[in-house]
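# structure for the following, please:
(2 chains)
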There are 2 protein chains.
Amino acid sequence: MSAPVPRTVRVEEAVLGHNRELAARLRSRFEERGTLVVNVLSSPGSGKTSLLERTLAELTPTLSCAVIAGDLATDNDARRLAGHGAPVVQIATADICHLDASMIERALPEVDSPTLQLLFIENVGNLVCPASYDLGEGMRAVLLSVTEGEDKPLKYPTLFKTADIAVVTKIDIAEPVGFDRATALANIRSIAPQARILEVSARTGEGLSAWFDELRGRVAALKRP
Amino acid sequence: MSAPVPRTVRVEEAVLGHNRELAARLRSRFEERGTLVVNVLSSPGSGKTSLLERTLAELTPTLSCAVIAGDLATDNDARRLAGHGAPVVQIATADICHLDASMIERALPEVDSPTLQLLFIENVGNLVCPASYDLGEGMRAVLLSVTEGEDKPLKYPTLFKTADIAVVTKIDIAEPVGFDRATALANIRSIAPQARILEVSARTGEGLSAWFDELRGRVAALKRP
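Have a look, this model is predicted:
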């Protein structure tokens, strides 16, 4: 009997190679135009949409923003994110557990403009598959909520290793859920020493100013034509 | 440029067909022997391991139990589950986002015995990929914690549609996280009308007796040679 695991991996390599090429073309296009693309990744329910709601409310008055949101089904996220002055498009992936560069390329015309400064891509809620799919982004933000358990960076290292920013979310309920902050931060640092760690609550607003400043600083650093 | 999405699906169909055949053979073997196999599925951090810790403590005095735990990396879960009188084996899947039947077949000799009555398979924390991989189980338990958001059954329908039991976990923190119970239960019922819904807290023990009784009843209903 043949082992399905290596067979799957070989096939994925071909698909991933194709994806990497397309992502590189998208990245060049974004960089030429001075658009910061942020790939937002986490487990389901870690608070990606809540964080983006607050972020759009804060940034859209001064920055041109847009969102591409991915989910297997429903347009719940796009509906939550609409009404903040940024165009939003939802990608329904059916049973595909991640976004890929071709999906971004197809969705982009719905939200793109020559003056776009900040494009958020809210990936499918998943700590595994999205790690391997470059979307042409300039920054990866990986969220970890205080309710998920401190060992998640150790158990899902591939995704955390690719993070530019690790955002600990829902810190307003850290105490009732018994969150062990020191262990969680140590685990993030051991797997993702390259990542800046931020701690936020989208509900109370605590810690969000550092997140907003990080985004504003990165947008300001991009050369615009 | 070819579209990677349908290509991925076709490849998956071949892998899935192979998996289904092997799962059917495993299921026949378990049924002949009178072993109940429970595939435990959820998002990362929904409380699979905590629920299984309590379950082993309760059931191992009277039932012969074993556990196969799957994760991308670490043997954290196996270490947490050891010491309850049941053999436990960890499968490290590397970057594979789900267990498959061949992994179960290879791990099984580590925990199997002719008198085994109850085998728990703790799947990789993921609401997408594990849905499609039959492991030869007799029962699927899908967990949803009160911290994840009430819309998760709508956004990850494939997995919830396959559930025999939907277990709402962490109900002791429902109030501080603002859990909307009525909406969550309505969403589970709309996607998974076949599933019995249980509400539990592994921390306080609330609701666990119904879960234990469900397992005991199913084990008792199996014919043993």
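
# C-alpha only now, for contacts and for neighbours.
Will do.

# touching the one helix or strand residue A:120 maps to from outside, list them.
If you go by DSSP states H and E, residue A:120 is part of strand A:118-122. Identification of contacts with strand A:118-122 by Cα atoms under 8 Å, 6 or more residues apart in numbering or on different chains yields A:35-41, A:48-49, A:63-70, A:219.

# how far does it sit from its chain's centre?
8 Å (Cα atoms, centre = their mean, to the nearest Å).

# whichever helix or strand comes after it to strand A:118-122, inter-axis angle?
The helix or strand immediately downstream of strand A:118-122 is strand A:139-145, counting by DSSP H and E. Orientation check (axes from the mean of the first three to the mean of the last three Cα atoms, to 10 degrees): strand A:139-145 against strand A:118-122 gives 40 degrees.

# all strands for chain A, in order.
Remark: strands assigned in chain A by DSSP state E are A:36-41, A:65-71, A:88-92, A:118-122, A:139-145, A:165-169, A:196-199.

# reformat those as TSV; add mean neighbour count, distance to residue B:194 and mean pLDDT.
Compiled in TSV, the strands of chain A are given as follows (neighbours: other Cα atoms under 10 Å in any protein chain shown; distance: least, Cα to Cα, whole Å; pLDDT from 0 to 100):
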stretch	mean neighbour count	distance to residue B:194	mean pLDDT
strand A:36-41	25	32	98
strand A:65-71	26	24	95
strand A:88-92	22	25	93
strand A:118-122	24	31	98
strand A:139-145	24	31	98
strand A:165-169	25	34	98
strand A:196-199	18	40	98
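
# reformat those strands as TSV; add distance to residue B:179.
Shown next, in TSV, are these (distance: least, Cα to Cα, whole Å):
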stretch	distance to residue B:179
strand A:36-41	23
strand A:65-71	21
strand A:88-92	25
strand A:118-122	23
strand A:139-145	16
strand A:165-169	17
strand A:196-199	22
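
# relative to residue A:77, which of the ones you listed is closest?
For these, the distance to residue A:77 is smallest for strand A:65-71, at 6.8 Å, taking Cα to Cα.

# that closest one to strand A:118-122, inter-axis angle?
Strand A:65-71 and strand A:118-122 are oriented at 10 degrees to each other (the same axes, to 10 degrees).

# angle of strand A:65-71 against strand A:88-92?
On the basis of the same axes, to 10 degrees, strand A:65-71 is oriented at 20 degrees to strand A:88-92.

# from the contact counts, what lies against strand A:65-71?
Packing partners of strand A:65-71 (3 or more Cα pairs under 8 Å, 6 or more residues apart in numbering or on different chains; DSSP states H and E): strand A:88-92, strand A:118-122.

# next, the nearest residue to residue A:63 once chain neighbours are set aside: phi, psi?
Of all residues not flanking residue A:63 in the chain, residue A:117 sits nearest, at 6.5 Å (Cα to Cα, 6 or more residues apart in numbering or on different chains). When read as degrees, to the nearest 10, the backbone of residue A:117 gives phi -100, psi -30.

# how close does residue A:117 sit to residue A:67?
11 Å (Cα to Cα, to the nearest Å).

# and the residue most central in space within chain A, how far from chain B?
Central residue of chain A (Cα atoms, centre = their mean): residue A:40, 0.8 Å from the mean position. From residue A:40 over to chain B the distance is 17 Å, taken as Cα to the nearest Cα, to the nearest Å.
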